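> next input, structure requested:
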Amino acid sequence: MPVLMIISRNLFPCAQRDASAEEPEPDDLYNVGSVVMILRMIKMNDGQVKLLVQGLSRAQVEEFDNNGPILLARIRVTQRRLAMIQSDENQESSVFINGQLKIDYTAGCTYLNGTELHLTPIEYKLLCLLSRNVGKVLTHTYITQQIWGSSLENDIASLRVFMATLRKKLEVSQNDIQYIQTHIGIGYRMLKIE
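Predicted coordinates for the structure are as follows:
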C-alpha cells in the first residue's frame with residue numbers, strides 16, 4: 001500500500017517495502033520516488049480514491065518526521081530538474097501574444113485586435129491559466145483547482161459558464177479565430193495562433 005506525502009498541491013508517492021504493514025514506519029518505506037501533480041481525483045463506490053497524476057520530478061527522502069498524526073518527509077528534488085523549472089519561471093515574459101490576443105500580466109490587461117477586453121476576475125484568471133499552458137489540454141479538475149482551490153461538481157458547472165462567456169468575448173463572430181478548444185469530458189486547451 002503506497003503512502004502519499006503532501007508537498008503543497010503536489011504529492012510524493014512513497015512505496016512500502018512490505019505491503020502487509022498497515023501502519024508503516026519510515027524504515028518500511030522506500031526513500032526514492034517522483035513528485036507528482038494531481039490531474040484528476042475520482043472517489044470510487046467502495047470508498048477508495050483513484051488519482052490520475054503527472055510526474056514532475058524525481059526526488060529522494062532526506063528525513064522523515066514521525067512525531068505527528070501523519071508521516072511527513074523532507075525531500076530533495078533532483079537539482080537538474082529544479083534548476084530547469086526555476087529558470088523557466090524567471091524567463092516567463094510579462095506579455096503574452098497569441099495571434100491578435102495580447103495579455104499584459106503585469107498590468108492585468110487583455111487586448112483583442114488592439115482593443116481592451118473587459119473581463120471579470122474569474123475570466124481573466126482562466127485566460128491567464130490557459131495562456132501560460134498554451135497548446136496543452138488542461139483538465140476540468142486541474143482548472144477548477146487552480147481557479148477556485150477545489151474541484152466540486154458545482155465548480156465544473158461554473159467553469160463551463162465562465163468559459164462560454166469568455167469565448168463570446170474572444171470570438172465575437174463566427175469568422176473570428178477560435179482561441180479556446182473544448183475537449184469533451186476532459187477540459188480545455190488554448191490553441192497557438194501564428
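> counting neighbours, what do you get for Y142?
With neighbours defined by other Cβ atoms under 10 Å, the count for Y142 comes to 22. C-beta: built from backbone N, CA, C; applies to glycine.
> partner strands of the top strand by length along the chain, parallel or antiparallel?
For the chain, the longest strand by residue count, based on DSSP state E, is strand 49-65. According to DSSP bridges, strand 49-65 has the following sheet partners: strand 32-43 (antiparallel), strand 72-77 (antiparallel).
> dump the longest helix anywhere in the chain to CSV, keeping only the CA atoms.
Longest helix of the chain, by residue count under DSSP state H: helix 153-170. Presented in CSV, the C-alpha positions along helix 153-170 are these (Å, rounded to 0.1, in the frame of the first residue of the first chain):
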residue,chain,number,x,y,z
GLU,A,153,-19.3,19.3,-9.4
ASN,A,154,-20.7,22.8,-8.9
ASP,A,155,-17.2,24.2,-9.8
ILE,A,156,-17.1,22.3,-13.1
ALA,A,157,-20.6,23.6,-13.9
SER,A,158,-19.5,27.2,-13.1
LEU,A,159,-16.4,26.6,-15.2
ARG,A,160,-18.5,25.8,-18.3
VAL,A,161,-20.5,29.0,-17.8
PHE,A,162,-17.3,31.2,-17.4
MET,A,163,-15.7,29.5,-20.4
ALA,A,164,-18.8,30.2,-22.5
THR,A,165,-18.8,33.9,-21.6
LEU,A,166,-15.0,34.2,-22.1
ARG,A,167,-15.4,32.6,-25.6
LYS,A,168,-18.1,35.2,-26.5
LYS,A,169,-15.7,38.0,-25.7
LEU,A,170,-12.8,36.4,-27.6
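> immediately after that helix, which helix or strand?
Using DSSP states H and E, the helix or strand that follows helix 153-170 in sequence is strand 180-183.
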